[in-house]
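Participant: Provide a 3D model corresponding to the input given below.
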Amino acid sequence: MTPEFEFSNSPDLILEFVQGAVKRRGFVSAAALADASSIWHSSLYIARLPTQVIDNRIFRVLVLGEDCDADALTTVLYILHHRARKVPRSISFQKLVNISMICKKYDLAEAILPWPEFWIEDLVQEDQNTGDEGWLLVSHVFGDIPDAQKQAAGIASKLAIECAGWTLKESTHFVRYSERHGQTSLSPNDMSVVRTDLIPSSILDEIWNTRKSKLLKIIPFLEDLYRDMSLHAEIYDCEKPRLCSNRVCVDVAVGSILRSTRELGLPLFTPFPPDTFISMPLWLLRNKLLALSCTTIIPWSRIDTAGLFKHLFKLPKDENYCHYQLQGGTTTTSEFSAIYLSNPSEELKITDSEDSEDARPKYDIGKSECGIATRMRGFQEQVRQNI
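Facilitator: Okay, the predicted model is just below:
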């Protein structure tokens, strides 16, 4: 088969490569390849290559063993043979990644400079691939190009909290879900598949180890919370003092957190199996844990410590009395009663419901000081600090 590409005016070698199921061939200069790559130099001058006769000329044949993107490879070969008019001034990000793969495999990064500088500069200005994991490979191959380093900065740590479905360190791929703040469910539109062979091994190790270490920290925090909240009868310690002396408050808190756990799709029983959170990116786990709802009781004595509203307690509502509202971050009640149910993370205050012009709080209650509420706030802080 006669080669379809001609990269050199005086070729002495046929380069053969495969793209998918299609075999591609091109006329090249052995000297150009040998000067550009020590790997190709070894293949050309140490290995015994097959030959082919074309138009009464004998050509050696160098076969590239693995799949190769034809568009990326032809661009590289035009550069190596100084065919500048054939080299595009701008390329797509995917083509840049493919060229980076070729340069990494055959040690060609220096040989094709300064072209990558032009391509990267244009892609950075377009700002369409910010955060793409492909920048990790590009910055690794072209380490002296500042724009590539800037684009790659922070991607590894971002991947550590966005990766999921990564069962083995040696896996060929994993799933990535773009982080969504406050979201407690996954959308297929946020999913992409990441090939691990496109990420330098040192960075891949960093991503794997970061995710693993964060999980190893957060899982004991969650198991301790379940234990302290006495969510399971089999681990209930009768000798251990309760977080709250009010048994009704304990019952309300345990019931509410169990319901919230089910609604959020979090595991209900400890210890957690090793693969419990495999399919869940760390950002989603963090959002779910911060969204855990635990209701506690604030006694009336806690609200009205100074007796400021004693005269309003259970009095009829008519024009002779001012009416007040007790407000939290997400809840409002216009009724005072002997106890008040509150999410422990909320700041509570009393405002005058009839004085719309004055929104200033009449009385600040602050956060619940119940032991359960304090424990929940401490857990939320642990989550924020470790994911």
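
Participant: got the buried residues for the longest helix seen in the chain?
Facilitator: Identified as the longest helix of the chain according to DSSP state H is helix 201-228. By neighbour count on 16 or more other CB atoms under 10 Å, the buried set for helix 201-228 is 203-204, 206-208, 210-211, 214-215, 218-219, 222, 225-226, 228. In this view, the C-beta of every residue, glycine as well, is placed from N, C-alpha and C.

Participant: what is the nearest of these to Q125?
Facilitator: Minimum distance to Q125 across those is 25.1 Å, recorded for I203 (CB to CB).

Participant: contacting residues for that closest one?
Facilitator: 136, 140, 156 (CB atoms under 8 Å, 6 or more residues apart in numbering).

Participant: most neighbours of all those, which one?
Facilitator: Most neighbours among those, by other CB atoms under 10 Å: L136, with 24 neighbours.

Participant: which strands or helices does the host helix or strand of that one pack on?
Facilitator: Counting by DSSP states H and E, the element that carries L136 is helix 134-141. Helices and strands touching helix 134-141, by 3 or more CB pairs under 8 Å, 6 or more residues apart in numbering; DSSP states H and E, are helix 93-106, helix 146-152, helix 155-162.

Participant: now do P344 against T74, distance only.
Facilitator: Distance, P344 to T74, using CB to CB, to the nearest Å: 64 Å.

Participant: pick out whichever of these two has more residues nearby.
Facilitator: Each of P344 and T74 has its neighbours counted (other CB under 10 Å); P344 has more, 23 against 20.

Participant: which ones are touching that one?
Facilitator: P344 neighbours (CB under 8 Å, 6+ apart): 294, 296, 367-368, 370, 372-374, 376-377.

Participant: picking up where we left off before, nearest to M280, out of the contacts of I203: which one, please.
Facilitator: Closest approach to M280 among the contacts of I203 (CB to CB): A156, at 19.5 Å.

Participant: need the pLDDT of that closest one.
Facilitator: We have a pLDDT of 93 for A156.

Participant: show me what contacts it?
Facilitator: The contact partners of A156, taken as CB under 8 Å, 6+ apart, are 136, 203, 206-207, 210.

Participant: buried stuff in stretch 123-131?
Facilitator: Here stretch 123-131 shows 123-124, 129 as buried, counting by 16+ other CB under 10 Å.

Participant: tell me where the protein has strands.
Facilitator: 5-6, 13-19, 22-28, 51-54, 57-67, 163-164, 173-177, 191-195, 296-299, 324-327, 332-333, 339-342, 348-352, 363-366 (DSSP state E).

Participant: for the buried residues of helix 201-228, which one is nearest Q382?
Facilitator: For these, the minimum distance to Q382 (CB to CB) is 7.6 Å, reached by I218.

Participant: roughly how far apart are the closest one and I387?
Facilitator: Counting by CB to CB, the gap from I218 to I387 is 6 Å.

Participant: try I155
Facilitator: 18 Å.

Participant: and R211, by the same measure?
Facilitator: R211 is 10 Å from I387, by CB to CB.

Participant: and Q125, by the same measure?
Facilitator: With distances taken as CB to CB, Q125 is found 34 Å from I387.

Participant: most centrally placed residue in the protein?
Facilitator: In the chain, the residue lying closest to the centroid (CA atoms, centre = their mean) is E162, at 1.8 Å.

Participant: ok, that one - contacts?
Facilitator: The contact partners of E162, taken as CB under 8 Å, 6+ apart, are 176-179, 281-283.

Participant: then R242?
Facilitator: 230, 250, 371.

Participant: pLDDT check: weakest of those residues?
Facilitator: Across those, the smallest pLDDT goes to S230, namely 75.

Participant: right, and I218 touches Q380 too?
Facilitator: No. Between I218 and Q380 there is no contact under CB atoms under 8 Å: 11.9 Å.

Participant: which residues do those two both contact?
Facilitator: Among the neighbours of I218, those also in contact with Q380 (CB under 8 Å, 6+ apart) are L289.

Participant: that's all I had, so thanks and see you.
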